[in-house]
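Participant: With the input below, show me the fold.
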Amino acid sequence: MPQGQPASVPADGLTTRQRRNRPLVVVHTGEMKGKSTAAFGLALRGWNQGWDIGVFQFVKSAKWKVGEESAFRALGRLHEETGEGGPVEWHKMGEGWSWTRKKGTEEDHAAAALEGWREIARRLDEQRHGLYVLDEFTYPLHWGWVDVDEVVAKLREREGHQHVVITGRYAPQALIDAADLVMETGKVKHPMDAGQKGQKGIEW
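Facilitator: The predicted structure is shown next:
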């Protein structure tokens, strides 16, 4: 796609402007790090455009201090105080509709993950956000906790101008098929291969 020009133009009856501005489903999958990082970079662009940003983390612990969360919460406060950018909501494990790393059966965790998806589906029906980041949502799909066909159907029928970005390994083929943009990360080298643990500013 040199200089931003598409390889082909479909005969879909849409104008160039309509086609350019249609809402997208984006999937970041693969074995290497960087999937969430890329999604949050996209969310930064959306915030700059004034979009309402909703982040939903499905696996990371509520006790884990994620750098992106602190930054986006600060951007949310900036919007409230000055009107710059867009509003931000950030939801993660232990805050309403995801599961925590504590004692409980797999059925308990599956039920909590499903309720998380149900809340997102309600928000899609309400056209609540301009951009949804469903961080590590592929895992509940991969484990069978949330029905892939239900998710794909809801994404296809969503109305308005709502972008959805889903991250995590093992993205189901049905989700990949339904997505407009799919990125797969692959490892060439990683510090952990040489015995180095994660470090501040790089992993969190």
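
Participant: I'd assumed Asp12 was in a helix, is it?
Facilitator: No - Asp12: not assigned to a helix; according to DSSP: H, G, I helix; E, B strand; the rest coil it is coil.

Participant: Can you tell me, leaving aside adjacent residues, what's nearest to it?
Facilitator: Sequence neighbours aside, Arg19 is the residue nearest to Asp12 in space, at 7.2 Å (criterion: CB to CB, 6 or more residues apart in numbering). Where C-beta positions appear, they are placed from N, C-alpha and C, glycine not excepted.

Participant: Which secondary structure state does Lys187 sit in?
Facilitator: When states are read from three-state DSSP, the local structure at Lys187 comes out as coil.

Participant: The residue lying closest to it once chain neighbours are set aside: what's it in contact with?
Facilitator: Excluding its sequence neighbours, the residue lying closest to Lys187 (CB to CB, 6+ apart) is Met32, at 4.3 Å. Met32 makes contacts with 185-187, 190, as judged by CB atoms under 8 Å, 6 or more residues apart in numbering.

Participant: isn't Glu203 right up against Gly34?
Facilitator: No - applying CB atoms under 8 Å, one finds Glu203 not in contact with Gly34, separated by 10.8 Å.

Participant: And for Asp147, the neighbour number?
Facilitator: Asp147 has 13 neighbours, counted by other CB atoms under 10 Å.
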